[in-house]
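Chemist: The sequence isn't on hand, but the structure is:
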C-alpha cells in the first residue's frame, strides 16, 4: 500500500524529532562526573538539594538545551542562505554577522571599561550582539548602493565585511596583552559552557523571531530553488523574500554567536545531509534541519565534554574535526 505524501512527511519529521529527543534524554547522563541515581531520586521525590541534582539541572540540562537550540538555528539559517544564494557553501557566517559579533566580543576583552552590566546578557554577549547588528546594517547598505540588493551584492558585501572584521581583530590582537588574546581565542573556538538558563532564555527571546520568520518563507524557497525568474513568474515577491531572509538569518545568527561564539560547519553540513535524506521540499528541509542540527551540536558538545575529561575541548574544534571530513565525503558522493 503506497504511503501518502502527508503521512511520509509526518513520519520523516517524527524521525528527526525522535533523534533530538533521544539526544535530550541520553546526553545529560554523560559527563566527567557520573551521576548518582540515589541523589537524583532523593531530589525528585523529596526536593532534597543534592550536588548531582544541581549538576544535572543547572549545568548539563541547560547546556544540552542550548546546544539543541543553537545548532538548530545555525542549521536552519544555513539552509535558507544556501537556497537564497544558490550556493552550497553558504552558511550563517556568509553575511558577515559572525565577524561583526567577534569584533564586538573582542572589544570587551581589549577594553575592560566596556565590561558593563547589560541586563540578562553579559557585556561580551551584548557587545557581540551590537557588533552583529552593525555588520548586518553595513552589509545591507553596501548592497543597496548598486540599486536593489541582489544575492551577488549581498554575498560580496558579506564576504568583504568579514575580511575587514578579520583585519580589525588582528589589530586588536596586536595591541592587547597576551592574556586577553588567550581569552578571546578561547571564545573564538566556540563554547556552550553555561551555568543556569539565562543564556538559553536570551537565545530564545532574541533568535526565535528570526527562526519563525524563516520558517514562514519555506514555500517561497521552493520556487527560489530553481531561479529568481521562475519564482517571479509564480507570483513570489523575490525582493521581499531577500529582505526577510537577510533579517531573519542575521537575527538568528547574531543571537547564537553572542552566546556560543562562532561555531562552524554546522550551518553548512547539516542542510546538505537533510536534503540527501529527505528531499528538497523546504517545508520539510527547514524544520528537519533545525532538529538534526541541534542534535548534531549536542552530540559534538557531549564529545567535547568527555573525550579528555575532566579537560573540556571547545565544541567548535569538534565540529570542525568532524564537519570537514563529513563535507568531503558528501562531495565525493555527489
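Modeler: Now that the structure is in, tell me what you want to look at. In this text the structure is predicted, and so the values were computed from the model without any measurement.
Chemist: and stretch 162-181, which residues are buried?
Modeler: 162, 165, 168-169, 172-173, 176, 180-181 (16 or more other Cβ atoms under 10 Å). Any C-beta I mention is one placed from the backbone N, CA and C, and that applies to glycine too.
Chemist: Of those residues, which pair is most distant in space?
Modeler: Using Cβ to Cβ, these reach their maximum pairwise distance at 162 and 180, which is 22.2 Å.
Chemist: hmm, back to that, take the buried residues of stretch 162-181 and keep only those in helices.
Modeler: Among those, the members falling in helices are 162, 165, 168-169, 172-173, 180-181 (criterion: DSSP state H).
Chemist: re the thing from before, and the buried residues of stretch 162-181, which is closest to residue 288?
Modeler: Of the buried residues of stretch 162-181, the one sitting nearest to residue 288 (Cβ to Cβ) turns out to be residue 162, at 28.2 Å.
Chemist: would you turn the buried residues of stretch 162-181 into CSV with distance to residue 242 and pLDDT?
Modeler: Formatted as CSV, these follow (distance: Cβ to Cβ, whole Å; pLDDT from 0 to 100):
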residue, distance to residue 242, pLDDT
162, 19, 89
165, 23, 91
168, 27, 90
169, 29, 86
172, 33, 84
173, 35, 83
176, 38, 82
180, 39, 79
181, 38, 81
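Chemist: With distance to residue 228 added, can I get those residues in JSON lines?
Modeler: Conversion of the buried residues of stretch 162-181 to JSON lines gives the following (distance: Cβ to Cβ, whole Å):
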{"residue": "162", "distance to residue 228": "24"}
{"residue": "165", "distance to residue 228": "29"}
{"residue": "168", "distance to residue 228": "34"}
{"residue": "169", "distance to residue 228": "35"}
{"residue": "172", "distance to residue 228": "39"}
{"residue": "173", "distance to residue 228": "41"}
{"residue": "176", "distance to residue 228": "45"}
{"residue": "180", "distance to residue 228": "46"}
{"residue": "181", "distance to residue 228": "44"}
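Chemist: ok, these vs residue 89, which is closest?
Modeler: Of the buried residues of stretch 162-181, the one sitting nearest to residue 89 (Cβ to Cβ) turns out to be residue 162, at 13.3 Å.
Chemist: so how far is residue 87 from the closest residue to residue 55 other than its chain neighbours?
Modeler: Once flanking residues are discounted, residue 55 sits nearest to residue 33: 6.2 Å by Cβ to Cβ, 6 or more residues apart in numbering. As judged by Cβ to Cβ, to the nearest Å, residue 33 and residue 87 stand 44 Å apart.
Chemist: name the element residue 98 belongs to?
Modeler: helix 97-110 (DSSP states H and E).
Chemist: just to revisit the earlier point, where does the residue nearest to residue 55 fall, phi/psi-wise?
Modeler: phi -110, psi 110 (degrees, to the nearest 10).
Chemist: cool, and residue 229?
Modeler: In terms of degrees, to the nearest 10, the main-chain angles of residue 229 are phi -60, psi -40.
Chemist: Could you number the chain from 70 rather than 1 from now on?
Modeler: Yep, numbering from 70; the last one is residue 298 now.
Chemist: tell me the SS of residue 157?
Modeler: coil (DSSP: H, G, I helix; E, B strand; the rest coil).
Chemist: Could you pull up the residues touching the nearest residue to it once chain neighbours are set aside?
Modeler: Once flanking residues are discounted, residue 157 sits nearest to residue 151: 6.0 Å by Cβ to Cβ, 6+ apart. For residue 151, the contact set (Cβ atoms under 8 Å, 6 or more residues apart in numbering) comprises 157, 159-160, 337, 340.
Chemist: Show me the shaky parts of the stretch 70-219 of the chain.
Modeler: Along the stretch 70-219 of the chain, the parts satisfying pLDDT under 70 run over 70-71, 105-112, 115-117, 185-189, 215-217.
Chemist: where along the protein do the strands fall?
Modeler: Read by DSSP state E, the chain holds no strands at all.
Chemist: what's the distance between the residue nearest the centre of the chain and residue 250?
Modeler: In the chain, the centroid-proximal residue (Cα atoms, centre = their mean) is residue 143; its distance is 2.8 Å. Residue 143 is 26 Å from residue 250, where distance means Cβ to Cβ.
Chemist: Residue 138 too?
Modeler: 30 Å.
Chemist: Likewise for residue 203?
Modeler: Residue 203 is 23 Å from residue 250, by Cβ to Cβ.
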